[in-house]
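Q: sequence first, predicted model second:
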Amino acid sequence: MSNLLEVKNLHVRVEDKEILQGVNLTIGEDETHVLMGPNGTGKSTFGYAVTGNPSYTVTEGQIIFKGEDITELAVNERAKRGIFLSFQNPLEVPGVTLSAFIRSALEQKTGERIRLFDFKKKLKETMELLNMDPSYAERDLNVGFSGGEKKKAEILQMLMLEPSLAILDETDSGLDVDAVKTVSNGIKIFKERCKGSLLIITHSTRILESLKVDVTHVMSGGYIVKEGGADLVNQINECGFESLCKNCNENCPARGN
């Protein structure tokens, strides 16, 4: 199976502080990866860097997607190529409905006009899968939405856009049990329908309970300090992140950080 994403020796600076200090990470096609670690270790920075947020400056390394070096590409160009990011704190956009936002994003991705009837039909069907009230489609994007509703709206966007790689940044943060189940179901639908790859960034494991995880990465001090399979998630639950870093290889660049 070919690689979808290859990140090589990635160094990322935010203003005058280097956050990522040489990250290497590879994701294959139709794989589910998890990026875990304590707060403040660079997990979200990694997601923003891969998607091209201009506030995050790549000072060294490469980001290769579908065989193309996208390190210098703008955010919208990366989105067109099939990279999606679900934000930890989705922004409110007054004056733009959820429906209009998704339709515009689809048209920008495909470069073609989408028939309104076909779009509304697919949107209605997808919202039903997520148990979303259809009235939300005509509400301003995230305005007045609860935390759970904002996350559902992001999963809806992911299912409609069908990206090749979806990066979910703390999607389960602040959600109650029922909302986590709904979001998890949406992620399962994405895997079944779209066959895309996932990178789930989290410091919790609730959202992973019903998912098949292929690779788990643990980040500490701006580095990937450990990688493993789904069993590594269980090890983290039992031992915590600190013990993992203490017991990792002596050559690990994050030791002592």
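A: Nice, thanks for sending it over. Residues are numbered from 1 along each chain as shown.
Q: contact partners for the nearest residue to residue 153 once chain neighbours are set aside?
A: Once flanking residues are discounted, residue 153 sits nearest to residue 98: 5.8 Å by Cβ to Cβ, 6 or more residues apart in numbering. All C-beta spots, glycine's among them, are computed from the backbone N, C-alpha and C. Going by Cβ atoms under 8 Å, 6 or more residues apart in numbering, residue 98 touches 136, 137, 138, 139, 140, 141, 142, 153, 156.
Q: looking at these, which is nearest residue 27?
A: residue 156 (23.2 Å; Cβ to Cβ).
Q: that closest one: what's it in contact with?
A: Counting by Cβ under 8 Å, 6+ apart, residue 156 makes contact with 98, 102, 126, 127, 130, 132, 186.
Q: pLDDT score for the residue nearest to residue 153?
A: We have a pLDDT of 96 for residue 98.
Q: how about it, phi and psi?
A: Dihedral pair for residue 98: phi -60, psi -40, per degrees, to the nearest 10.
Q: same thing with residue 186?
A: Torsion angles at residue 186 (phi, psi; degrees, to the nearest 10) stand at phi -60, psi -40.
Q: for residue 82, state which of the contacts of residue 156 is nearest.
A: Taking Cβ to Cβ as the measure, residue 82 sits nearest to residue 102 out of those, at 15.8 Å.
Q: tell me which element that closest one is part of?
A: Element membership of residue 102, judged by DSSP states H and E, is helix 98-110.
Q: got the CA positions of that helix in CSV?
A: Provided in CSV are the C-alpha atoms of helix 98-110 (Å, rounded to 0.1, in the frame of the first residue of the first chain):
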residue,chain,number,x,y,z
LEU,A,98,-23.8,25.7,7.2
SER,A,99,-25.4,24.6,3.9
ALA,A,100,-23.9,27.4,1.9
PHE,A,101,-20.5,26.9,3.5
ILE,A,102,-20.4,23.2,2.6
ARG,A,103,-21.7,23.7,-1.0
SER,A,104,-19.0,26.4,-1.6
ALA,A,105,-16.3,24.2,-0.2
LEU,A,106,-17.4,21.3,-2.4
GLU,A,107,-17.4,23.5,-5.5
GLN,A,108,-13.9,24.9,-4.7
LYS,A,109,-12.6,21.4,-4.2
THR,A,110,-14.1,20.0,-7.5
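Q: I'd like the next helix or strand past that helix.
A: That would be, after helix 98-110 and using DSSP H and E, helix 116-129.
Q: rewinding a little: pull out the buried positions in the helix holding residue 102.
A: Counting neighbours by 16 or more other Cβ atoms under 10 Å, one finds that the buried residues in helix 98-110 are 98, 99, 101, 102, 103, 105, 106, 109.
Q: so the closest residue to residue 141 other than its chain neighbours versus residue 181, what's the distance?
A: Nearest residue to residue 141, sequence neighbours excluded (Cβ to Cβ, 6+ apart): residue 93, at 4.0 Å. Separation of residue 93 from residue 181 (Cβ to Cβ, to the nearest Å): 27 Å.
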